[in-house]
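Participant: mind folding the following:
(chains A, B, C and D)
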2 protein chains.
Amino acid sequence: MKTVTSAQIAEALDIDATQVRKDFGAIGILGMGRVGFEVCEVCRGIRYVLGFDQTYEGVLIGAGHLGAALMAYDGFDVYGLDIVAVFDNDPKKVGSNVAGTTVKSMRSLKPFIRKHHIRLAILTTPAAVSQQLTDRLVSAGIKAIWNFTPTRVTVPEDVLVRNEHISLGLSQIAYHFTH
Amino acid sequence: MKTVTSAQIAEALDIDATQVRKDFGAIGILGMGRVGFEVCEVCRGIRYVLGFDQTYEGVLIGAGHLGAALMAYDGFDVYGLDIVAVFDNDPKKVGSNVAGTTVKSMRSLKPFIRKHHIRLAILTTPAAVSQQLTDRLVSAGIKAIWNFTPTRVTVPEDVLVRNEHISLGLSQIAYHFTH
DNA sequence: GCCTAAACGTGATAATATTCTCATTAGTGC
DNA sequence: GCACTAATGAGAATATTATCACGTTTAGGC
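Facilitator: Sure, this is the predicted structure:
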């Protein structure tokens, strides 16, 4: 029965130990005096709260380098995500193989989403088509968009957009180098 | 002379208008009563504070799909970053072309960094080698690491690590689907 | 030229988040 | 079994952040 203390986690994450205990307490993870927290219990608690144990399917749109990189990454199932199809607008890419999945034509996008009740779409397309594509996705029933394009898209209130605009990270680096 | 009001920015970013004025004021961007902020002035101020006008060179390590995606993206120069070389451990990749740049051998990594006084390294390698590679980079003189591997690396205090662990975003999506 | 209204700048206030303090609990050694 | 120590959990105190309220500034209309 391996255990970990709030102080150890705090040290590793460079935060305050009280913070760790408060957060764990808030999501129902309780420790024991003198020994700390049971590691399995912590993992289970976090996985449960974040919803990693429930699986859901997503489609990826844009079979470029970034799309291929995401398809090749095999760590998403840990978080409950299963990418079941790849779509691309380019006729030359349609039918080709990306990390074991055949690229589908954009014409089949809407029927596919409807048929399989897909709720998540991953966008790795050129920025120019983001909004137009988003509108199509929403009308097809998509409820969450994982947006890797450098564009802010507008969606109805009930749709979640998670922007993965990496230039934010670049800003931190640029700032670091000039101060 | 195009202008924008704090209320407009607040609306677009879904934050409070006072916050916008406070932040702008903190970095020396002042508006005018009745009309708001001059757009050019805002851009210039933000670019100056974040350091986008000063250019710096970086090397990319790992010529896989993700590395290729980053090399192909041409928006980094806006933030002052110039990726001047790509390195990979795989002999089959060394000498090949990635987005117009020839992949170099890892043997030439340290000399290259030293010679060109490179301060930034971008990591798109397998997670297993992250820490070992990081140590090499730091000893070569690297002062900032843009880490795209799903691994937390430890570095000396004077080195900045920016983790671009996309699974954080995935967590948000998983959470959204289960609540 | 003066009045009005829109928008800024800023000090006060409210809300939130973090850290401190300490009583309580549970292993460890004698 | 009992004292001792390391660690939790919770409430108080503190620090930080966000919002409100209001005086000031400036373009536009009459």
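
Participant: which residues in chain A form strands?
Facilitator: Counting by DSSP state E, one finds strands in chain A at the ranges A:3-4, A:37-38, A:56-61, A:81-88, A:97-98, A:101-105, A:120-123, A:144-147, A:160-163.

Participant: any idea how far the residue nearest the centre of chain A is from DNA strand D?
Facilitator: Using C-alpha atoms, centre = their mean, the residue of chain A that lies closest to the mean C-alpha position is residue A:146, 6.3 Å off. Noted for residue A:146: a distance of 24 Å to DNA strand D, by C-beta to the nearest atom of the strand, to the nearest Å. In this view, the C-beta of every residue, glycine as well, is placed from N, C-alpha and C.

Participant: report pLDDT for the spatially most distant residue from the centre of chain A.
Facilitator: For chain A, the residue at maximal distance from the C-alpha centroid (C-alpha atoms, centre = their mean) is residue A:34, at 36.9 Å. At residue A:34 the predicted local confidence, pLDDT, stands at 91.

Participant: do the least confident helix or strand in chain A by mean pLDDT and chain B meet?
Facilitator: Least confident helix or strand, chain A: helix A:167-177 with a mean of 92, by mean pLDDT, DSSP states H and E. Yes: between helix A:167-177 and chain B, judged by C-beta under 8 Å from any C-beta of the partner chain, the touching residues are A:167, A:169, A:170, A:171, A:172, A:173, A:174, A:175, A:176, A:177.

Participant: ok, the second one - contacts?
Facilitator: Residues near residue A:169 by C-beta atoms under 8 Å, 6 or more residues apart in numbering or on different chains: B:146, B:162, B:164.

Participant: okay if I get those residues as JSON lines plus pLDDT?
Facilitator: Converted to JSON lines, these look like this (pLDDT from 0 to 100):
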{"residue": "B:146", "pLDDT": "97"}
{"residue": "B:162", "pLDDT": "94"}
{"residue": "B:164", "pLDDT": "93"}
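
Participant: hmm, back to that, which one of the strands of chain A is the most hemmed in?
Facilitator: Of all the strands of chain A, strand A:120-123 has the most neighbours on average by mean count of other C-beta atoms under 10 Å in any protein chain shown, namely a mean of 26.

Participant: packing partners for that strand?
Facilitator: strand A:56-61, helix A:130-140, strand A:144-147 (3 or more C-beta pairs under 8 Å, 6 or more residues apart in numbering or on different chains; DSSP states H and E).

Participant: tally of neighbours for residue A:171?
Facilitator: A count of nearby residues for residue A:171, using other C-beta atoms under 10 Å in any protein chain shown, gives 19.

Participant: how about the nearest residue to it, chain neighbours excluded?
Facilitator: residue B:50 (5.1 Å; C-beta to C-beta, 6 or more residues apart in numbering or on different chains).

Participant: that neighbour and residue A:174 touch, don't they?
Facilitator: Yes: Residue B:50 lies in contact with residue A:174 (C-beta atoms under 8 Å); the separation is 5.6 Å.

Participant: okay, and the common contacts of the two?
Facilitator: residue B:79.

Participant: quick one, which of the two is more surrounded?
Facilitator: Set residue B:50 next to residue A:174 and count neighbours by other C-beta under 10 Å: residue A:174 wins out with 25 against 20.

Participant: what's the pLDDT at the closest residue to the more buried one other than its chain neighbours?
Facilitator: Spatial nearest neighbour of residue A:174, chain neighbours left out: residue B:51 (4.2 Å); criterion: C-beta to C-beta, 6+ apart. As predicted, residue B:51 sits at a pLDDT of 93.

Participant: next: residue A:85.
Facilitator: For residue A:85, pLDDT reads 98.

Participant: quick one: the residue nearest to it when sequence neighbours are not counted from DNA strand C, how far?
Facilitator: Excluding the flanking residues, the one nearest residue A:85 by C-beta to C-beta, 6+ apart is residue A:59, at 4.7 Å. To DNA strand C, residue A:59 is 33 Å away according to C-beta to the nearest atom of the strand.

Participant: show me what contacts residue A:59?
Facilitator: Taking C-beta under 8 Å, 6+ apart as the test, what residue A:59 contacts is A:83, A:84, A:85, A:86, A:87, A:109, A:112, A:113, A:118, A:120, A:121, A:122.

Participant: my read: the first one touches residue A:122, true?
Facilitator: It refers to residue A:83. Yes: assessed by C-beta under 8 Å, residue A:83 is found in contact with residue A:122 at 7.0 Å.

Participant: name the residues contacting each of the two.
Facilitator: Common neighbours of residue A:83 and residue A:122 (C-beta under 8 Å, 6+ apart) are A:58, A:59, A:60, A:70.

Participant: can you name the two of these that are farthest apart?
Facilitator: Greatest spatial distance among the shared contacts of residue A:83 and residue A:122 (C-beta to C-beta): A:59 and A:70, at 11.6 Å.

Participant: can you pull the residues that touch both of those two?
Facilitator: Joint contacts of residue A:59 and residue A:70 (C-beta under 8 Å, 6+ apart) are A:83, A:122.

Participant: give me the number of residues near the residue nearest to residue A:174?
Facilitator: 19.

Participant: OK, contacts around it?
Facilitator: By C-beta under 8 Å, 6+ apart, the residues touching residue B:51 are A:174, A:175, A:177, A:178, A:179, B:80.

Participant: residue numbers of chain A in contact with DNA strand D?
Facilitator: Residues of chain A that fall close to DNA strand D, judged by C-beta under 7 Å from any atom of the strand: A:5-7, A:17-18, A:21-22, A:24-25, A:30-37.
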